[in-house]
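Student: my questions concern the predicted model and sequence given below.
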Amino acid sequence: MTKELVVALAGNPNCGKSTLFNELTGGRQHVSNYPGITVERKEGFLTFDGLRLKIVDLPGTYSLTAYSIEELVARDFIVDEKPHVVVNIVDATSLDRHLYLTIQLLELGVPVVLVLNMMDMVEQRGITIDRERLEKRLGIPIVPMVARIGKGKEELIRAIVETAHRHPRSNQKFTISYGPDIDHHLHEMERIIAEQGFLVEKYPPRWVALKYLEEDRQIIEKGDLADRELSERLKAMAGKIADHIAKTLDTYPEAVIADYRYGFITALLKDGVVQRPSVTSKRELTDILDRFLTNRLLGPIIMVFVLYLVYTITFKYSELPVEWVNRFFGLLASYGARALPEGPLRSLIVDGIIGGVGNVFSFVPLIVLMFLCIAILEDTGYLARVAYMLDRVFRIFGLHGNSVMALIIGGGIAGGCAVPGVMATRTLRSSKERLATILVTPFMNCGAKLPVYAMIIATFFEAGRAQIMLILTILSWMIALSAAWILRSTVLRGPSTPFLLELPVYRLPTLKGLLIHTWERTWQYMKKAGTLIVAITVLLWALMSYPKPPEEVLNSIPPESHSQFELEYSIAGRLGKSLSYITKFCGFDWKINVALFGGFAAKEVILSTLGTAYALGTEDEESTKSLSERIRNDPHWTPLMAWVFMVFVMIYAPCMATLVVIAKETGSLRWSIFSLVFNTAIAFMLAVGMYQGGLALGLSR
Amino acid sequence: MRGFRELFKSWKDGCPWLTNPNRFDLPKEGLKPLSVADPGKKFKVCRILGGRSACARLAHMGIYPGVEVELLCGGCNAPCIVKVHNVTISLGHGISQKILVEEAGG
């Protein structure tokens, strides 16, 4: 039997935590979401000396309060799942900041191994760190490392194993002083808590007292449940201290606590632990770069260029692989068509299953490139600057600076794709802002809507075709931002998170880190979303092919209208017909309805379904051209109708691949259904408004 | 819109904005919001307006009364970037208005 050690990896964002995690676990990792929330949970394994180490990468946090989900997740994991060792990784070049979390871990009484990362940078800057002295002062083992090249890995593993064996939980007590205003009362609260055994099975008494002082929601809730009376008493005591602090220092206890913690760290580091070279006036590279990259004038220009580059790389370089994927599945389909006898089975395999799997894989090149670009922007530290610069604009609409990535990938410059767009919202922290971004991303003009626009524009508008595309792009931004504003002031109402973001030091990303990041996200898409997308494609195929009309009816109509009649006879066709009672208000007949229904599988399908509905051969190369002629000659189609149709296509229900991804990203089907209904409702209302308004203005011809 | 309101308010207070370049200054205590402080200088944080949770979040990021910050980028009511405890932090417009600072001596 091999014994398993559970090791939690804790640290600030941008301290090299993921790099260390990748270095320790290599490719063997497992990514999932914590139940019900959008925080990623990463686990990996490592064997050493007959021991199995399970390494859990906690979300990056600055502290262990209850103010954000990430911090709660990290704290709950450490407290509830009792890892054998918590490895706290810190950026050794800014110990004054990073030790803040270390202190809180120590106060929580957990066995900690401290990793001083980026020791190469420390040496380069001529800083010396007295490791033994720091070890003695903090009472924990310390391992210097350079995580990006794996230096110090052996020693770390040894330290982990040693600590796990030696350290029965919380046998040592680490306390720091919070000054005369707090210490005395804190001690009193601690004594009462310890005497009554209040919450002690999980938390050290002093820590509980501190949390009462900080008005920590989660701990107070737990306290209320455990012992109402005592909890009230502690609250009253904490309230008294808070009042006193408000009166004398005009601030909250948290600020005083933070002040003393930082003070403790400063004193600790000054006391011979860290020696800096006396001349430090030299500006660091990051500051120099930031002078240009976040410059008031130059910054936005560079940003637009970078975002455009991301967009181009994602979509231009994926064109070829996407085409290969499509060609491969096309070949597979034609092979299947030849090998299988004609009948429903062939149709199921060729149109349903091969079509569905092809659909899933055609997104893969896009997703790989998009995540690669985002990983580069994220790992270099530039993404934080983009968010910073755009936050002011997006805040007006209740979104966040980071929302821009999702909207651009989703088709902000005509021709993106909402699937990677929705996945790109992972860089957003606040769940309400993230949800709003997810819900409005499908409004953008994705690549699959473009051929529809192109056909309609070519058919109805002689001049100004490029301008019409531009109008459609601007329109989609306007609609998305207004929808975000509506959502954020109704369903997703809530305060916008104050913008407060660390701008990390610029760094060169490691190839290994980039590849692992990209791969794990792509794999997640294929595994989770993929299976569902295939299933729904098959379902939609069935709805559009069944029931088949009886043989004798088919024989009585000319063969070129067979497919049209089959479509009309199917469930989808009937649905289209019954819906036309409502959609006649925006001028849509059953043919358009069924095409839009097909577009639910993927927007590209709109054109081919429309072709079938207009009794054209489906797989005809000339179909687009002849479809264009066909609808030009149809008295039902007018330029007004063309506009209404394009706007409807722009905003109505996201394709089901997007819906599946929305469900996966939000962790509930509810938001997919909401998005389906909300978008279609807006599309319908706008379309009816445009159509009726146009008719009233006499634009029918 | 905001600027307009400020303008109206200062007009009501006797038109000091015509002569006073730092027209957004809060006259009492000699404090001013970080949002209008001059970039490139060091400031001492004196007061933080706003709710408890915002103050707590700021405190855990290292911004609390008494701490010294260096304003790297900002001024003119824009969002700003500060350096505190050796780390660079960007602050949105809303929050930088609520941080009242005074120029650090020296």
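Tutor: The structure has been received and is ready for your questions.

Student: for the rest of this, base every contact and every neighbour count on C-alpha atoms.
Tutor: Fine.

Student: looking at chain A, which helix or strand is least sure?
Tutor: Lowest on mean pLDDT, DSSP states H and E among the helices and strands of chain A sits strand A:29-33, with a mean of 66.

Student: do the same with chain B
Tutor: helix B:2-12 (a mean of 47).

Student: returning to that earlier point: give the next helix or strand downstream of the least confident helix or strand of chain A.
Tutor: strand A:40-48 (DSSP states H and E).

Student: can you map out the strands along chain A?
Tutor: In chain A, the strands defined using DSSP state E lie at A:4-11, A:29-33, A:40-48, A:51-57, A:85-91, A:112-117, A:128-129, A:142-144, A:274-275, A:500-502.

Student: give the rounded mean pLDDT of the last one.
Tutor: Same thing as strand A:500-502. Strand A:500-502 carries an average pLDDT of 78.

Student: and if you look at the third one?
Tutor: Over the span of strand A:40-48, the pLDDT mean works out to 84.

Student: that one packs against which elements?
Tutor: Strand A:40-48 makes packing contacts with helix A:17-25, strand A:29-33, strand A:51-57 when contacts are defined by 3 or more C-alpha pairs under 8 Å, 6 or more residues apart in numbering or on different chains; DSSP states H and E.

Student: and if you look at the fourth one?
Tutor: For strand A:51-57, the contact count by 3+ C-alpha pairs under 8 Å, 6+ apart identifies strand A:4-11, helix A:17-25, strand A:40-48 as packing neighbours.

Student: cool, and the last one?
Tutor: The elements that strand A:500-502 packs onto, with contact taken as 3+ C-alpha pairs under 8 Å, 6+ apart, are helix A:382-396, strand B:87-91.

Student: A:Tyr178 is nearest to which of these?
Tutor: strand B:87-91 (23.6 Å; C-alpha to C-alpha).

Student: so which elements touch the closest one?
Tutor: Strand B:87-91 makes packing contacts with strand A:500-502, strand B:80-84 when contacts are defined by 3+ C-alpha pairs under 8 Å, 6+ apart.

Student: convert that strand to PDB, retaining C-alpha atoms only.
Tutor: Provided in PDB are the C-alpha atoms of strand B:87-91 (Å, rounded to 0.1, in the frame of the first residue of the first chain):
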ATOM      1  CA  VAL B  87       4.300  45.800  -5.900                       C
ATOM      2  CA  THR B  88       2.500  47.600  -8.700                       C
ATOM      3  CA  ILE B  89      -1.300  48.000  -8.300                       C
ATOM      4  CA  SER B  90      -3.800  49.500 -10.700                       C
ATOM      5  CA  LEU B  91      -6.800  51.300  -9.200                       C
END
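
Student: on that earlier part again, ok, which of the helices and strands packed on strand B:87-91 comes nearest A:Val386?
Tutor: Smallest distance to A:Val386 across the helices and strands packed on strand B:87-91 (C-alpha to C-alpha): 11.4 Å, for strand A:500-502.

Student: and for the closest one, what's in contact with it?
Tutor: With C-alpha atoms under 8 Å, 6 or more residues apart in numbering or on different chains as the test, strand A:500-502 has contacts from A:Ala384, A:Tyr388, B:Leu58, B:Val87, B:Thr88, B:Ile89, B:Ser90, B:Leu91, B:Gly92, B:Ile95.

Student: so what's the gap between it and the chain middle?
Tutor: Offset of strand A:500-502 from its chain centre (C-alpha atoms, centre = their mean, to the nearest Å): 18 Å.

Student: also stretch A:369-383?
Tutor: Distance, stretch centre to chain centre, for stretch A:369-383: 13 Å (C-alpha atoms, centre = their mean).

Student: ok, and does it reach over to chain B?
Tutor: No: Stretch A:369-383 stays clear of chain B (C-alpha under 8 Å from any C-alpha of the partner chain), getting no nearer than 11.6 Å.

Student: residues from chain B in reach of chain A?
Tutor: Taking C-alpha under 8 Å from any C-alpha as the criterion, chain B approaches chain A at residues B:47-48, B:52-62, B:64-67, B:79, B:85-95.

Student: try 6 Å this time
Tutor: B:Ala56, B:Ala59, B:Tyr64, B:His85, B:Asn86, B:Thr88, B:Ile89, B:Ser90, B:Leu91, B:Gly92 (C-alpha under 6 Å from any C-alpha of the partner chain).

Student: chain B: strands as residue ranges?
Tutor: Along chain B, counting by DSSP E, strands occupy B:32-33, B:42-48, B:68-73, B:80-84, B:87-91, B:99-103.

Student: in its sheet, what does the last one sit against?
Tutor: Think strand B:99-103. Strand B:99-103 has the following strand partners under DSSP bridges: strand B:32-33 (antiparallel), strand B:42-48 (antiparallel).

Student: buried deepest among those, which one?
Tutor: The highest mean neighbour count among those, using mean count of other C-alpha atoms under 10 Å in any protein chain shown, belongs to strand B:32-33: a mean of 24.

Student: give me the neighbour count for A:Gln467.
Tutor: Applying other C-alpha atoms under 10 Å in any protein chain shown, we find 10 residues neighbouring A:Gln467.
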